[in-house]
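[1] Please work out how this folds:
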Amino acid sequence: NMLQILAISKYSGAALRELRSATPIAYDELQRGILQIYTNREGFEEAAQAAELVRQYGIAREVKTVEECVALEPALSARRDWIVGGTYTATDETGDARKFTQALATLAAERGVAFRFGVTVESLAVAKGTVCGARMVNENNRKEVLAADAYVVCLASHTPKLLDPIGVRGLIYPAKGYSATLPIVYTAAAPTISITDDAKSIVFTRLGNRLRVAGTAELSGYDLELNPVRCQALTKRATEWFGAAIDPARAEYWTGLRPATPSNVPLIGSTRYPNLYLNAGHGTLGWTMAAGSGKAIAEIISGRKPDIDFAFLGN
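    Next up, the predicted model:
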């Protein structure tokens, strides 16, 4: 499973770089790598072993001492006594997924793509072994059936709601995650490298003049209500690491559902219906795998085999 995830992640990184070179897309991107820090010796030693393994598959993940971690990210210096070591992947990138999605939609619309916002797809119509329409409630709150040559279900955690009634198994379940976005008030004390705090499974990412803190996993179905305890835990940890840089009183909280699969490998490819395709179940790595997954499903729909060693559905 790890090799599958590594393969689609590498493929996606290349696809994102290709897109960025071909378009003016901007999304507060930073190409400074990702630093994972460890505050206990056992976790660090396990990470060092994992780094050796992924290097064998072309991922340049380096093991770093405390001094090297602080040299890479001086904003960690105030808490250097907490750190026992880290791992660093220089080729990793960060950016604002929301800005990226909005910018990509604008570019697509300029090239003739039509978006239908405010529409609810209720079910898929099936006849004679193929999908013949998407039943939906349109922008005017009226029933409508939209017919197409091909259909891609990419509804994240909600994917099974369309698949189950037509006999397609999509083993995806919602894992609720949280984020806090805090304004940076003192730039010199704010990190510029994306940092993963392994002990708390929290990620700190610089997005322009904001610091985004994301983490936690809560199995509570499709509930999207903010849990104040989890929100405060994110802000507390951000303050512990980078308190001089941020204003926690102005934190903005958000929660969303990660579309998780039992194997953590996304479901990408064709189904029992010749004109129905899936692109869902990316878990915590949706942003990482986005560009590559989109490119791969486009290749598959076009009848071509993506140039990647990955277990696509229908192969």
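[2] could you pull out the helices for the stretch 151-300 of the chain?
    159-163, 228-242, 286-301 (DSSP state H, counting those that start in this stretch).
[3] Residue 137 is nearest to which of these?
    helix 159-163 (14.1 Å; C-beta to C-beta). Heads up, the C-betas are built off the backbone N, CA and C, glycines and all.
[4] Below-threshold pLDDT in the chain: ranges please.
    By pLDDT under 70, the chain contains no weakly predicted segment.
[5] Quick one: residues in contact with stretch 99-111.
    23, 25, 26, 27, 28, 113, 115, 287, 290 (C-beta atoms under 8 Å, 6 or more residues apart in numbering).
[6] From residue 73, how far out is residue 59?
    The spacing between residue 59 and residue 73, counted by C-beta to C-beta, to the nearest Å, is 20 Å.
[7] next one: residue 216
    23 Å.
[8] just residue 37 next, same as before
    Residue 37 is 9 Å from residue 73, by C-beta to C-beta.
[9] Burial check on the nearest residue to residue 29 once chain neighbours are set aside, number of neighbours?
    Nearest non-adjacent residue to residue 29, counting by C-beta to C-beta, 6 or more residues apart in numbering: residue 95, 3.9 Å away. Other residues lying near residue 95 total 20 when counted by other C-beta atoms under 10 Å.
[10] Which residues are in contact with residue 95?
    Contacts of residue 95 by C-beta under 8 Å, 6+ apart are 27, 28, 29, 30, 207, 287.
[11] Most neighbours among these, please name it.
    Neighbour counts for the contacts of residue 95 peak at residue 207, which has 20 neighbours (criterion: other C-beta under 10 Å).
[12] for that residue, what are its contacts?
    28, 94, 95, 96, 181.
[13] where's it relative to residue 95, distance?
    8 Å.
[14] before we move on, what about residue 264?
    22 Å.
[15] And for residue 118?
    The value you get for residue 118 to residue 95, if C-beta to C-beta is used, is 27 Å.
[16] Figure out the helix or strand that residue 17 lives in.
    helix 2-22 (DSSP states H and E).
[17] what's the burial count for residue 166?
    15.
[18] List the buried residues of stretch 110-128.
    121, 124, 126 (16 or more other C-beta atoms under 10 Å).
[19] Equivalent analysis for stretch 228-244, please.
    Those buried within stretch 228-244 under the rule 16+ other C-beta under 10 Å are 230, 231, 233, 234, 235, 237, 238, 239, 241, 242.
[20] ok, the fifth one touching residue 212?
    No - contact criterion C-beta atoms under 8 Å: residue 235 and residue 212 do not qualify, at 11.9 Å.
[21] what is in contact with these two at once?
    By C-beta under 8 Å, 6+ apart, the residues touching both residue 235 and residue 212 are 180, 182.
[22] Might you report the residue contacts of residue 30?
    So residue 30 contacts 93, 94, 95, 192, 193, 194, 206 (C-beta under 8 Å, 6+ apart).
[23] no wait, residue 137
    119, 120, 122, 143, 144.
[24] Can you show me the strands along this protein?
    Per DSSP state E, the chain carries strands over the ranges 34-38, 61-64, 85-89, 120-127, 130-137, 143-146, 151-153, 173-183, 194-197, 202-207, 210-218, 252-260, 267-270, 276-280.
[25] name the helices or strands packed onto the longest one?
    With contacts defined as 3 or more C-beta pairs under 8 Å, 6 or more residues apart in numbering; DSSP states H and E, strand 173-183 has these neighbours: strand 210-218, helix 228-242, strand 252-260.
[26] The first one: partners in the sheet, and parallel or antiparallel?
    Paired strands of strand 210-218, with direction, are strand 173-183 (antiparallel), strand 202-207 (antiparallel) (DSSP bridges).
[27] Select, out of these, the one closest to residue 19.
    Smallest distance to residue 19 across the strands paired with strand 210-218 (C-beta to C-beta): 19.0 Å, for strand 202-207.
[28] Any idea how far that closest one is from the middle of the chain?
    13 Å (C-alpha atoms, centre = their mean, to the nearest Å).
[29] and that strand, C-alpha only, in PDB?
    C-alpha atoms of strand 202-207 as PDB (Å, rounded to 0.1, in the frame of the first residue of the first chain):
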ATOM      1  CA  ILE A 202      -0.500  18.200  13.600                       C
ATOM      2  CA  VAL A 203       0.800  20.000  10.500                       C
ATOM      3  CA  PHE A 204       1.900  23.700  10.400                       C
ATOM      4  CA  THR A 205       1.800  25.300   7.000                       C
ATOM      5  CA  ARG A 206       2.700  28.900   6.100                       C
ATOM      6  CA  LEU A 207       0.200  30.300   3.600                       C
END
